[in-house]
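**Student:** Sequence first, then the predicted structure:
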Amino acid sequence: MMTNLFSVFDPSTTIFNLSINWLSTFIGFMLIPYSYWLMPSRHQIIWNKIMLTLHNEFKILLKSSSSKGMTLLLITLFALILLNNLLGLFPYIFTSTSHLTLTLTLSLPMWLSFMIFGWLNQTQHMFTHLVPQGTPTVLIPFMVCIETISNIIRPGTLAIRLTANMIAGHLLMTLMGNTGPTMPTILISILIISQILLIVLETAVAMIQAYVFTILTTLYSSEVY
């Protein structure tokens, strides 16, 4: 029996006291069709177009010739988050991106590496970001404090944004699904249509949130170069 509404998001499936819910993070690689590896295939053509579009967009945002391999890392991050978001829409599959354990693991090391690289190699450039152009002299100490705090909370906001958006839709679908057995027969069809529309909405949210997470990471990294 579910004692807590949020317990549906807990990794509780175990075998020999080993949690197996996190295997959903890697199960997507088993779902890649064999036709993807055939040259050429429709899956590969579609994915290559997506990667090329993302590469061109990230290249514009980075604005630096010294970050050539950075776009590949960001595309990989986008693919990982998108895959886990979409897998969470299937029944009985644990949504790993609804936990801060995963989202913080993605955002914190990347932000920390950007900060270490920036302060070691572009120290003067990093100091200029603490004081926006045109700031009055009296407000400079306050702006430095505000910019420092906003910089420190960046990995937390990235992780919480993705987690909250993944939990919200799943929680709403869970609430509506639990009311099904107690509803009159006439309203069941309305409930089913609502659930279908919610699944479509959640599919769009899964794609958008993967894109937003990657774009914000790109913008944060572009400040370092």
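**Tutor:** Received, thanks. Residues are numbered from 1 along each chain as shown.
**Student:** Report the mean per-residue pLDDT for stretch 40-52.
**Tutor:** Stretch 40-52 carries an average pLDDT of 83.
**Student:** How far off centre is that stretch?
**Tutor:** Centroid separation between stretch 40-52 and its chain, computed with Cα atoms, centre = their mean, to the nearest Å, is 22 Å.
**Student:** can you check stretch 124-143 too?
**Tutor:** In this view, stretch 124-143 has its centroid 31 Å away from the chain centroid, taken as Cα atoms, centre = their mean.
**Student:** Which strands or helices does the helix or strand residue 162 falls within pack on?
**Tutor:** Assessed by DSSP states H and E, residue 162 sits inside helix 154-178. Applying 3 or more Cβ pairs under 8 Å, 6 or more residues apart in numbering; DSSP states H and E, one finds that helix 154-178 contacts helix 100-121, helix 185-222. (C-beta placed from N, C-alpha, C; glycine too.)
**Student:** So for residue 128, which of the ones you listed sits nearest?
**Tutor:** helix 100-121 (11.1 Å; Cβ to Cβ).
**Student:** can you give me the angle the closest one makes with helix 185-222?
**Tutor:** Computed by axes from the mean of the first three to the mean of the last three Cα atoms, to 10 degrees, the angle separating helix 100-121 from helix 185-222 equals 20 degrees.
**Student:** packing partners for the helix or strand following helix 100-121?
**Tutor:** Where DSSP H and E defines the elements, the next helix or strand beyond helix 100-121 is helix 123-128. Helix 123-128 sits against helix 100-121, with contacts defined as 3+ Cβ pairs under 8 Å, 6+ apart.
**Student:** Please compute how far the helix it packs on lies from its chain's middle.
**Tutor:** Distance of helix 100-121 from the chain centroid (Cα atoms, centre = their mean) equals 15 Å.
**Student:** rewinding a little: just the angle for the helix holding residue 162 relative to helix 185-222, thanks.
**Tutor:** 170 degrees.
**Student:** Any idea which helix or strand in the protein has the lowest mean pLDDT?
**Tutor:** The weakest-scoring helix or strand in the chain, judged by mean pLDDT, DSSP states H and E, is strand 18-19 (a mean of 62).
**Student:** Can you lay out the helices and strands packed on helix 154-178 as a markdown table showing distance to residue 173?
**Tutor:** Output for the helices and strands packed on helix 154-178, formatted as a markdown table (distance: least, Cβ to Cβ, whole Å):
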| stretch | distance to residue 173 |
| --- | --- |
| helix 100-121 | 20 |
| helix 185-222 | 5 |
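**Student:** For residue 42, which of these is the nearest?
**Tutor:** Between residue 42 and the helices and strands packed on helix 154-178, the shortest gap by Cβ to Cβ is with helix 185-222, which sits at 19.0 Å.
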